[in-house]
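**Student:** sequence unknown, structure follows:
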């Protein structure tokens with residue numbers, strides 16, 4: 001049975017309030033930043049013991065920042081759409097004076113400075129309320145391997161949040177904050193966004209600076225955004241990238257990217273995604289697919305990610321191997337034996353893949369496909385059946401998202417409906433500079 005997505009089983013104030021409406025309320029005097037932060041802290045106190053989305057909450061600093069945000073607005077100093085808005089960030093991202101845990105028992109002292117994306121959020125007037133749970137070292141798609149325990153899906157707490165930015169997705173989906181920041185190396189923003197029923201945006205490669213963000217695989221890592229609406233995500237992207245959001249009226253050329261060319265996908269999810277486009281009155285003109293074999297795609301990603309992740313965590317492995325989750329440890333060690341020639345060869349294949357995908361956009365402005373081929377699975381489940389095929393959960397979750405990390409294209413997931421009471425996402429992909437197209441389409445899909 002399929003249906004339009006409604007609300008999670010457990011939710012707080014911000015589930016039904018997006019950034020544009022909150023910004024309007026602030027400027028009209030219907031609310032204050034202090035009140036919004038209090039709503040956030042109250043929702044966290046009530047829901048986080050159930051959902052485990054936060055590693056730390058800095059209530060005193062948040063209230064202090066909110067007081068200052070209100071004072072500035074009262075004096076006519078308006079920093080923009082994020083002014084006074086509560087935000088949380090993945091605990092892979094530095095906040096000055098706080099320990100960055102990376103979801104691990106392996107951590108160093110407090111960060112000396114804010115990450116650049118956090119600095120830009122503060123400059124835009126956003127109020128940081130806390131840091132979010134993540135899959136250890138951001139090296140997993142399920143969100144259930146962390147020193148802080150698994151983050152839980154607000155639609156069904158026995159299900160995974162997705163990962164690695166699971167806590168950020170849960171915090172947004174459950175209405176604890178209207179905006180959260182994550183990272184995406186192979187799908188780590190879009191996967192949990194789809195599984196938890198919120199908007200998740202991975203910008204173009206390096207569109208948002210990664211300085212102060214602990215790397216996993218630097219040539220694949222992206223800072224990304226979770227929000228309760230496409231316009232909210234657009235405003236956050238503008239603040240952190242320095243590019244003003246646009247909402248174009250011209251109809252883009254949209255192509256269906258067939259997920260079957262990559263791997264099995266639940267037919268109900270395909271129907272939901274196509275139905276969401278139809279309900280929104282969005283025409284899809286033609287079908288395309290992967291210009292490489294799926295096996296070549298996954299081998300290219302695996303070599304690059306494994307080698308870079310092993311390099312980034314050499315010191316952790318040398319000094320703290322016994323404290324790392326065994327599943328994460330096995331993945332890190334898989335990069336140990338990658339030869340230089342294998343990495344160079346994979347990097348060349350990535351270049352060829354980028355060229356081929358660029359060719360797809362000669363005929364289309366936006367590509368559309370499911371974000372993930374299945375709904376959220378059980379916590380700790382590692383094998384799953386999709387359309388009669390038994391698949392590894394992690395690989396399946398990333399199968400439709402990882403291509404766009406290899407190519408660096410902007411990609412956005414927006415809720416499309418539910419299957420068996422769990423959210424399904426539409427993934428929209430475009431080219432650098434055309435981000436407004438996916439924001440505009442996502443807004444139409446979410447509000448048919």
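**Tutor:** Noted; the coordinates are in hand. Since we're looking at a predicted model, the values are computed, not measured.
**Student:** Strands of the stretch 51-200 of the chain, residue ranges please.
**Tutor:** 54-57, 86-90, 127-132, 179-184, 199-202 (DSSP state E, counting those that start in this stretch).
**Student:** Does the third one pack against any helices or strands, and if so which?
**Tutor:** Taking 3 or more C-beta pairs under 8 Å, 6 or more residues apart in numbering; DSSP states H and E as contact, the helices and strands that strand 127-132 lies on are helix 33-51, strand 54-57, helix 59-74, strand 86-90, helix 116-123, helix 166-173. Quick note: C-beta positions are derived from backbone N, CA and C, even for glycine.
**Student:** and with 10 Å instead?
**Tutor:** On a contact count with 3 or more C-beta pairs under 10 Å, 6 or more residues apart in numbering; DSSP states H and E, strand 127-132 meets helix 33-51, strand 54-57, helix 59-74, strand 86-90, helix 116-123, helix 166-173, strand 179-184.
**Student:** Put together CSV for these, with mean neighbour count, mean pLDDT and distance to residue 418 on each row.
**Tutor:** Below are the helices and strands packed on strand 127-132 laid out as CSV (neighbours: other C-beta atoms under 10 Å; pLDDT from 0 to 100; distance: least, C-beta to C-beta, whole Å):
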stretch, mean neighbour count, mean pLDDT, distance to residue 418
helix 33-51, 20, 98, 18
strand 54-57, 20, 98, 26
helix 59-74, 17, 98, 33
strand 86-90, 31, 98, 25
helix 116-123, 20, 98, 31
helix 166-173, 37, 98, 13
strand 179-184, 30, 98, 21
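**Student:** any chance of these in a markdown table, with distance to residue 209 too?
**Tutor:** Output for the helices and strands packed on strand 127-132, formatted as a markdown table (distance: least, C-beta to C-beta, whole Å):
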| stretch | distance to residue 209 |
| --- | --- |
| helix 33-51 | 25 |
| strand 54-57 | 23 |
| helix 59-74 | 21 |
| strand 86-90 | 14 |
| helix 116-123 | 4 |
| helix 166-173 | 18 |
| strand 179-184 | 12 |
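**Student:** And those: which comes nearest residue 391?
**Tutor:** Residue 391 sits nearest to helix 166-173 of all the helices and strands packed on strand 127-132, at 19.8 Å, using C-beta to C-beta.
**Student:** Give me the next element, helix or strand, following whichever strand or helix holds residue 367.
**Tutor:** According to DSSP states H and E, residue 367 maps onto strand 366-370. Where DSSP H and E defines the elements, the next helix or strand beyond strand 366-370 is strand 383-386.
**Student:** mind listing what whichever helix or strand comes after that next one pairs with, with the direction of each?
**Tutor:** Counting by DSSP H and E, the next helix or strand C-terminal to strand 383-386 is strand 389-392. If you go by DSSP bridges, strand 389-392 pairs up with strand 383-386 (antiparallel).
**Student:** In the partner strand, which residues are buried?
**Tutor:** 384, 386 (16 or more other C-beta atoms under 10 Å).
**Student:** what's next to it, contact-wise?
**Tutor:** 263-267, 269, 373-375, 377-378, 390-394, 396-397, 399 (C-beta atoms under 10 Å, 6 or more residues apart in numbering).
**Student:** Let's see that with 6 Å instead.
**Tutor:** Strand 383-386 is contacted from outside by 264, 266, 373-374, 377, 390-391, 393, using C-beta atoms under 6 Å, 6 or more residues apart in numbering.
**Student:** So for the helix ranked longest in the chain, what gets flagged as buried?
**Tutor:** Secondary structure of the chain read by DSSP state H shows that its longest helix is helix 340-360. By 16+ other C-beta under 10 Å, the buried positions in helix 340-360 come out as 343, 346, 349-350, 353, 357, 360.
**Student:** could those residues be laid out in CSV, adding pLDDT and distance to residue 304?
**Tutor:** Shown next, in CSV, are the buried residues of helix 340-360 (pLDDT from 0 to 100; distance: C-beta to C-beta, whole Å):
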residue, pLDDT, distance to residue 304
343, 98, 7
346, 98, 5
349, 97, 9
350, 97, 7
353, 95, 11
357, 95, 16
360, 95, 21
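**Student:** Out of those, which comes closest to residue 323?
**Tutor:** residue 343 (27.7 Å).
**Student:** show me the contacts for the closest one.
**Tutor:** Applying C-beta under 6 Å, 6+ apart to residue 343 gives the contacts residue 307.
**Student:** re the thing from before, out of the helices and strands packed on strand 127-132, the one nearest residue 415 is which?
**Tutor:** That would be helix 166-173 among the helices and strands packed on strand 127-132, by C-beta to C-beta, at 9.3 Å.
**Student:** Backbone torsions only: list them for the residue positioned nearest the centre of the chain.
**Tutor:** A centroid search over the chain (C-alpha atoms, centre = their mean) returns residue 189, at 1.6 Å, as the residue closest to the centre. Dihedral pair for residue 189: phi -100, psi -50, per degrees, to the nearest 10.
**Student:** Closest to residue 281 out of the buried residues of helix 340-360?
**Tutor:** residue 360 (23.8 Å).
**Student:** Check whether residue 139 really touches residue 331, as I assumed.
**Tutor:** Yes: Residue 139 lies in contact with residue 331 (C-beta atoms under 6 Å); the separation is 5.5 Å.
**Student:** Many thanks, we can stop here.
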